[in-house]
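Participant: Quick one, fold the following:
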Amino acid sequence: MKIKIIGLGGIGSVLADQICRFVNYSINDFNVEIILIDGDEYEHKNYERQNFNSMGNKALTKQRELSLKFNGLNINYVSDYITKENISKNILNEDLVFMGVDNHKTRKLVSDYCKTLDNITLISGGNNYIDGNVQLYYRKDGVDLTPNLCAYHPEIDNPQDKSPIEMSCEELTVSEPQLLFTNLTAATIMCQVFYNIVIRKEIKYCEIYFDITSMKTDSKIRKVKVNN
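Facilitator: Here you go, the predicted model:
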């Protein structure tokens, strides 16, 4: 099993710790490689809602940190953003991919690429300040068993935002306000989806909405759309 974690920010920096802990102590009979992918840098302003222990490239920083904590795991890193040019090297058939990015452009790129693979598991989480959602895209033997990320989300299918590599330095320094507890909720639900699909071998819900102020989650069973 190869686990790829794309985005080591508010969601991914928390999720990476929990997935590594679970794999290290609960399913270490498997031959698991974990690869952390992010081209961004940790800064002091990130301490408010991200989990890291030093400045520098996010993927490299988390790889060093997690390798010390879980020295029985094979943890590697890629210090780049996902792009059209490198996606085929970073996402492979049979991978299990977590994605915690903050832009629809990258979500569409990854979702569309996963449609070209025979076997792939993609767990994507995103959030605003107090609410968010988690999506599961599962494809087996060339057949979609759950909808891709774009199927029910026109805002992902026709993204109006930019990917990180398209942004200027000034744009990269400006980020939408996010809340630590909302990031934690997204990461936790993504871990729960992982547990259900990998350990329980169960695919029931493919999208989960949550709101931390109402303290509710809403799980959706969605049909695969043909020709999407």
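
Participant: low-confidence ranges in the protein?
Facilitator: Where the chain drops to pLDDT under 70, the residues are 28-30, 47, 168-175, 227-228.

Participant: the strands in it, which residues?
Facilitator: Taking DSSP state E as the criterion, the chain carries its strands at 2-6, 33-37, 41-42, 56-57, 74-78, 96-99, 120-127, 131-140, 143-144, 207-211, 216-220.

Participant: Show me where this protein has its helices.
Facilitator: Ranges of helices in the chain, per DSSP state H, are 12-26, 58-69, 87-90, 104-114, 154-157, 169-173, 180-194.

Participant: what residues are up against the spatially most central residue of the chain?
Facilitator: Computing the C-alpha centroid of the chain and ranking residues by CA atoms, centre = their mean puts Met99 first, at 1.6 Å. Taking CB atoms under 8 Å, 6 or more residues apart in numbering, we find Met99 in contact with Ile6, Gly7, Thr106, Arg107, Val110, Leu122, Ile123, Ser124, Gly125. For the C-beta atoms, the positions are set from N, CA and C on the backbone; glycine is no exception.

Participant: burial measure for the last one, as a count.
Facilitator: It stands for Gly125. Neighbour count of Gly125, defined by other CB atoms under 10 Å: 28.

Participant: tell me the contacts of Val14?
Facilitator: Val14 neighbours (CB under 8 Å, 6+ apart): Gln50, Asn51, Asn183, Leu184, Ala187.

Participant: Compile those residues into a markdown table and extend it with columns for distance to Val14 and neighbour count.
Facilitator: Formatted as a markdown table, those follow (distance: CB to CB, whole Å; neighbours: other CB atoms under 10 Å):
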| residue | distance to Val14 | neighbour count |
| --- | --- | --- |
| Gln50 | 8 | 21 |
| Asn51 | 5 | 23 |
| Asn183 | 6 | 24 |
| Leu184 | 6 | 19 |
| Ala187 | 4 | 26 |
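
Participant: Looking at these, which one is closest to Asn71?
Facilitator: Using CB to CB, the shortest approach to Asn71 within the contacts of Val14 belongs to Asn51, at 19.0 Å.

Participant: Next one: that closest one relative to Lys62, how far apart?
Facilitator: Noted for Asn51: a distance of 9 Å to Lys62, by CB to CB, to the nearest Å.

Participant: Let me know whether Val134 touches Ser124 as I believe.
Facilitator: Yes: counting by CB atoms under 8 Å, Val134 touches Ser124, with 7.0 Å between them.

Participant: Now do the contacts for Asp144.
Facilitator: Lys115, Tyr137, Tyr138, Val224.
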